[in-house]
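Participant: Got a predicted structure here, sequence first:
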Amino acid sequence: MSTGNMNLTLQVWRQKNKNSAGKLVDYKLSDISPDMSFLEMFDVLNEQLITKGEEPVVFDHDCREGICGMCSMFINGQPHGPKDLVTTCQLHMRSFKDGDTIVVEPWRAKAFPVIKDLAVDRSAFDRIIASGGFVSVNTGNAQDANALPIPKAKADAAFEAAACIGCGACVATCKNASAMLFVSAKVSQLALLPQGQPERYRRVQSMVAQMDEEGFGNCTNTGACEAECPKGISLENIARMNRDYLSAKFISEEEV
């Protein structure tokens, strides 16, 4: 961990589009403050590239507060870098030391084609959500909070599942490029609550079918997804989704 300003070597993946061959390109950065975020360090790199008349590095970002799930860099072989339970935008340069070489690559998965450089197309997640990640309710005045009592254990579990920001780190770190942790979190946050019960079994079947159609791999219980998830989403959600998926096979079509 560094306390003074640093000189670094970046090896950054550059790729024109999904159909072009990509490669790692070396860049030298000097006088980088340990108080900079990782994305601010990339802002400095891009300012230098633009000043030289070169193309800046394309990367995803938005809120820079660990909420939106947009930032997606594979840093030194780990999604979001070496710190646990942080996103790329929350990673600070004090996690590195002077003279380090930092390798930065995009998420790698068939279902996440490269748009350009470090930016990938994660619209597969949107299509999975659109296939069933919602509840159908009559609109009108909001119900009183006490009208639907929910056991605290279930409320807490639903809240923890809903913490998933859909960044895709679970897919990037999985040897099978599986999206099971993401899908199971989105299934669980609704399956645990009363509002999600009417469509519970139809939802899990639709979302799993869409996940398979998008080309994600299957889960083989390695656990890398939970270990690298910046929000600590639990593998218990995958077990819950598998139970619901199996249960749906024994329920009549009318009920589903």
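Facilitator: That came in fine, so what should we check first?
Participant: can we go C-alpha only for contacts and neighbour counts from here?
Facilitator: Will do.
Participant: tell me the contacts of residue 69?
Facilitator: If you count contacts by CA atoms under 8 Å, 6 or more residues apart in numbering, residue 69 has them with 87, 165-168.
Participant: in the stretch 1-150 of the chain, which ranges drop under the pLDDT threshold?
Facilitator: 1-3, 139 (pLDDT under 70).
Participant: where do the strands sit along it?
Facilitator: 6-14, 23-32, 74-75, 78-79, 101-105, 114-116, 119-120 (DSSP state E, counting those that start in this stretch).
Participant: Which one, of these, ends up nearest to residue 227?
Facilitator: Evaluated with CA to CA, those place strand 78-79 nearest to residue 227, the distance being 10.4 Å.
Participant: starting at the chain centroid, how far to the closest one?
Facilitator: Averaging C-alpha positions (CA atoms, centre = their mean, to the nearest Å) puts strand 78-79 11 Å from its chain's average.
Participant: need the helices for the stretch 51-200 of the chain, in chain order.
Facilitator: Taking DSSP state H, counting those that start in this stretch as the test, the helices found in the stretch 51-200 of the chain are 123-132, 152-162, 169-173, 180-191, 200-214.
Participant: before we move on, back to that, could I get the strands of the stretch 1-150 of the chain as TSV with mean neighbour count and distance to residue 41?
Facilitator: Converted to TSV, those look like this (neighbours: other CA atoms under 10 Å; distance: least, CA to CA, whole Å):
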stretch	mean neighbour count	distance to residue 41
strand 6-14	19	10
strand 23-32	14	7
strand 74-75	20	13
strand 78-79	24	17
strand 101-105	20	12
strand 114-116	20	19
strand 119-120	24	17
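Participant: Now do stretch 47-55: distance to the chain's middle.
Facilitator: On the basis of CA atoms, centre = their mean, stretch 47-55 is displaced by 30 Å from the centre of the chain it belongs to.
Participant: Buried by neighbour count: which residues of that stretch qualify?
Facilitator: Neighbour-count burial for stretch 47-55 flags residue 47 (criterion: 16 or more other CA atoms under 10 Å).
Participant: what's the span of it from first residue to last?
Facilitator: Start and end residues of stretch 47-55 are separated by 10 Å (CA to CA, to the nearest Å).
Participant: Likewise for stretch 11-26?
Facilitator: Per CA to CA, stretch 11-26 runs 5 Å from first to last residue.
Participant: How far off centre is that stretch?
Facilitator: On the basis of CA atoms, centre = their mean, stretch 11-26 sits 21 Å off its chain's mean C-alpha point.
Participant: Next: stretch 24-38.
Facilitator: Distance, centroid of stretch 24-38 to centroid of chain: 24 Å (CA atoms, centre = their mean).
Participant: So what does the residue nearest the centre of the chain look like in phi/psi?
Facilitator: With distances taken as CA atoms, centre = their mean, residue 167 lies nearest the centre of the chain, 1.8 Å away. Dihedral angles of residue 167 (phi, psi; degrees, to the nearest 10) stand at phi -80, psi -30.
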